[in-house]
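Q: Sequence first, then the predicted structure, then my questions.
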Amino acid sequence: MRARVIVLAGPSGAGKSRLAERVGLPVLRLDDFYKNGDDPTLPRITEGANAGLVDWDDPRSWWLEDALAALDAMCRQGSAEVPVYEIARDGRCGMQTLDLQGSDLFIAEGIFAQEVVPHVTDTGQLAAAYCVRQHPAVTFWRRLTRDLREHRKPPLVLVRRGLALMRDQRRVVAHAVAKGCEPVTPEQGFAAVTALIGKGALR
């Protein structure tokens with residue numbers, strides 16, 4: 001075992017990526033394991049104003065096995081070939097090598113990050129797992145401004161999706177906790193991860 005992983009789960013817009021960037025460890029972006037937009041197995045929204053659109057908040061829109069393989073490679077070998085996903089292209093646009101460069105800790109973050117926790121717990125690869133959370137209104141606003149800035153979807157779709165996710169946030173956090181994540185604010189998460197770095201992953 002060359003390294004262990006710190007998992008950052010939590011609702012979209014809660015601050016996972018910002019926390020990972022602030023910590024400064026190598027980061028495996030689990031959202032890059034989304035399926036391509038033309039994949040026939042993508043789940044669809046069945047109710048409400050966005051019915052018929054792809055449900056990108058459903059774990060079935062994401063390749064769990066590919067993510068687990070990358071995690072295994074990172075922990076055992078210190079590097080992995082990972083996809084590069086571009087929202088503008090609605091799919092993967094290449095591959096890149098993620099190398100830990102000697103670090104014995106790295107972060108895996110994404111909206112489905114909680115789904116990998118049972119596996120990395122069983123394999124002894126988990127250093128810690130956190131669910132980053134904020135007040136639902138804060139998360140809604142941060143997510144909306146980010147998605148509008150990046151032109152992810154038409155504005156009305158983003159507003160409707162954001163309101164649905166805000167109503168669903170309590171369930172999302174509860175699900176992550178059930179999978180083994182500790183709920184934290186971004187500041188609490190930063191303090192906890194910083195303490196882990198000080199101890200070292202393999203000591």
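A: Arrived safely.
Q: contact partners of the longest helix anywhere in the chain?
A: For the chain, the longest helix by residue count, based on DSSP state H, is helix 155-179. Residues from elsewhere that reach helix 155-179 (CB atoms under 8 Å, 6 or more residues apart in numbering): 9-13, 48-50, 53, 57, 113-115, 117-118, 129, 131, 133, 136-137, 139-140, 143-144, 147-148, 152-153, 183. Glycine gets a C-beta too; all of them are placed from N, C-alpha and C.
Q: try 6 Å this time
A: 9, 11, 49-50, 114, 117, 131, 133, 136, 140, 143-144, 147, 183 (CB atoms under 6 Å, 6 or more residues apart in numbering).
Q: now stretch 81-92
A: 32, 34, 36-37, 70, 93-98, 152.
Q: try it again with 10 Å
A: 28-39, 54, 56, 63, 66-67, 69-70, 73-74, 93-98, 147, 150-153 (CB atoms under 10 Å, 6 or more residues apart in numbering).
Q: how far out from the middle of the chain is the host helix or strand of L196?
A: L196 is part of helix 186-199 when elements are defined by DSSP states H and E. Helix 186-199 sits 18 Å away from the centroid of its parent chain (CA atoms, centre = their mean, to the nearest Å).
Q: next one: stretch 183-200
A: 17 Å.
Q: picking that back up, show me what counts as buried in the helix holding L196.
A: 186, 189-190, 193, 196-197 (16 or more other CB atoms under 10 Å).
Q: Just send those back as a markdown table, with pLDDT and distance to S103 too.
A: As requested, the buried residues of helix 186-199 are exported to a markdown table (pLDDT from 0 to 100; distance: CB to CB, whole Å):
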| residue | pLDDT | distance to S103 |
| --- | --- | --- |
| P186 | 93 | 22 |
| G189 | 96 | 18 |
| F190 | 96 | 17 |
| V193 | 95 | 13 |
| L196 | 92 | 12 |
| I197 | 91 | 9 |
